[in-house]
Every structure is written in structure tokens, then in C-alpha cells.
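Visitor: Structure of the sequence below:
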Amino acid sequence: MTADVRERDKELSLIQHLGELRDRLVVAAIAIVITTGIAFYFGTPIIRLLLVPVDCQFIPTYVCHEPPTHLVAFSPTENFTTYFRVALFAGIALAMPVILYEIYAYIDPALLPSERRFVRFMGLPVIFLFVLGMSFCYFVLLPNAIKFLINFGSEVIENQLRASDYLSFVTVFILGLGVVFEVPVIIYALVRIHVVSRDWLTKQRRYVFLLVFVIGAFITPTPDPFNQTLVAIPMYLLFELGLFFARFAGAPRAAS
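Guide: Numbers count the residues shown, from 1 in each chain. From the prediction side, this is the model:
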């Protein structure tokens, strides 16, 4: 009988956890819907911001003297779907504080006091590095990549940027660099929870240096070494930054 009661308690506990997870997913989804609607209303200004790296009509003439570039569409629904895709991307970014809070609130009861402090401490660095990565891509890497791609073969090929392709490329590229800039936080967390040691990571420097250039070749949409280096060098510096922060990750766990 006792075993039956325990099994029933486990089932009720699982149902309660699933119910809480459902409620928090609903809150996050509502936040995304609201922010996506707001972003859709401001769709034109957002797209103009995404056009700044390639379109000179949206920046002062004393900065850019090249002719403006316009996006083109080739289907009746492309304008609407493109606006919605951009609005969804912006809506997820705007709703990120709510999403992160709901994730934290769901796992909070299962955390120890030290783990709870650790998770709270990592919140701001995660958001800061994500925004920093997207900003680096937008202001530094993306203009160089776009310039190379558009001017390549321009003597014989006229490059007309399709709205859906360009905006998808830009948003994914910006998001990807934002994720890449989370490397210091990931290294700190792995050392803190004793998945890897800082000493072991330090010995892997030569392999990491090679790996970041390989990753840069995959992430960068252009084959030229300049843009690949623009991606690889910050990635390696982020690795070194992660090693520095790992110094404060705490003493190794004692052998059992």
C-alpha cells in the first residue's frame, strides 16, 4: 500500500511540474505575441535599421556617398511574410527578459542557495554578452561582409537584394554572433560545475586557436580571410576572457 501511495505522489508531483511548465510557457508565449505585435507595428523602422549596413539612404550623406540599395520582392506575399519574420525576431529579442525570468522561476525551487546565487549572478553577463555580440556583428562584421558579397563579380552581375533572403541572412547572422559571444559565460559555468577544469582548458589553447578560425570560416558568409579573422580573433579573446573568469569559479570539488 505504501508503494502505491508513493507512486501516486510521484504521478501527482509530475503532473504539477508539467502544469507549472505549461503555465510558464503560456506566459512566455503571450509575451512573445505582444512584443511581436509591437515590432510588427514598427516594422518599417526596424527594417530600415537592418538596411543600414547596405543602404546609404538611411545614414548621413557625409558618411556614405554610395548609391542607395533597395530590396526587391518576387511574390505577392513576400512583403507580408518578410515583415512578420522580422517582427517575430525582434519580438523574441524584446521578450527575452520575460523568457529568462520564466525559466529561472521554474527551476528556482530545485536550486540550492549557492546555486540560486550563481544563476542570478549569471543573468546580467548572459544578456550583456548577447547584446555585445549582436552589436559587434551589426556595426563591424556585417558591413564588411555585405560589401564583399555585393561587390564580388559586380562587373558582370547586377546584385538585386531580395527582401526575404537579405533580412533572413542578416537576422540569423546577428543572432549567431550573439550566441557566439556567450563563450566566457559557458566556460565559467562549465568550470564552476566541475565539468571541465581550468588547467585542462589552458592546455588546449593551441587547438582552440585553430578551432576558432575553422568556426569563423563556417559562420562568416564570405570566403575572404579578412572577415574570417574579424570573427576568429574576438572568439579567441572571448575564450581567454572565459579562462580569466574561471579563476573565480571556486576550488575543485574534493575527491569522494
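Visitor: C-alpha only now, for contacts and for neighbours.
Guide: Fine.
Visitor: where exactly do the helices run in the stretch 101-250 of the chain?
Guide: Ranges of helices within the stretch 101-250 of the chain are 113-136, 142-151, 163-180, 183-192, 198-203, 205-219, 225-246, based on DSSP state H, counting those that start in this stretch.
Visitor: in the stretch 1-150 of the chain, which ranges drop under the pLDDT threshold?
Guide: Under the criterion pLDDT under 70, the flagged ranges of the stretch 1-150 of the chain are 1-12, 14, 55-69, 115.
Visitor: Any figure for the gap between Phe80 and Leu100?
Guide: 29 Å (C-alpha to C-alpha, to the nearest Å).
Visitor: Would you mind putting the helices of the stretch 101-250 of the chain into JSON lines with mean neighbour count and distance to Ala28 alongside?
Guide: Converted to JSON lines, these look like this (neighbours: other C-alpha atoms under 10 Å; distance: least, C-alpha to C-alpha, whole Å):
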{"stretch": "helix 113-136", "mean neighbour count": "15", "distance to Ala28": "17"}
{"stretch": "helix 142-151", "mean neighbour count": "16", "distance to Ala28": "30"}
{"stretch": "helix 163-180", "mean neighbour count": "18", "distance to Ala28": "19"}
{"stretch": "helix 183-192", "mean neighbour count": "21", "distance to Ala28": "24"}
{"stretch": "helix 198-203", "mean neighbour count": "14", "distance to Ala28": "36"}
{"stretch": "helix 205-219", "mean neighbour count": "15", "distance to Ala28": "29"}
{"stretch": "helix 225-246", "mean neighbour count": "19", "distance to Ala28": "30"}
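Visitor: Would you format these as CSV with distance to His17 included?
Guide: Listed next are the helices of the stretch 101-250 of the chain as CSV, based on distance: least, C-alpha to C-alpha, whole Å:
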stretch, distance to His17
helix 113-136, 19
helix 142-151, 43
helix 163-180, 29
helix 183-192, 26
helix 198-203, 36
helix 205-219, 38
helix 225-246, 34
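Visitor: after the longest helix along the chain comes which helix or strand?
Guide: The single longest helix within the chain, with elements called by DSSP state H, is helix 2-41. With elements assigned by DSSP states H and E, the helix or strand that comes after helix 2-41 is helix 43-51.
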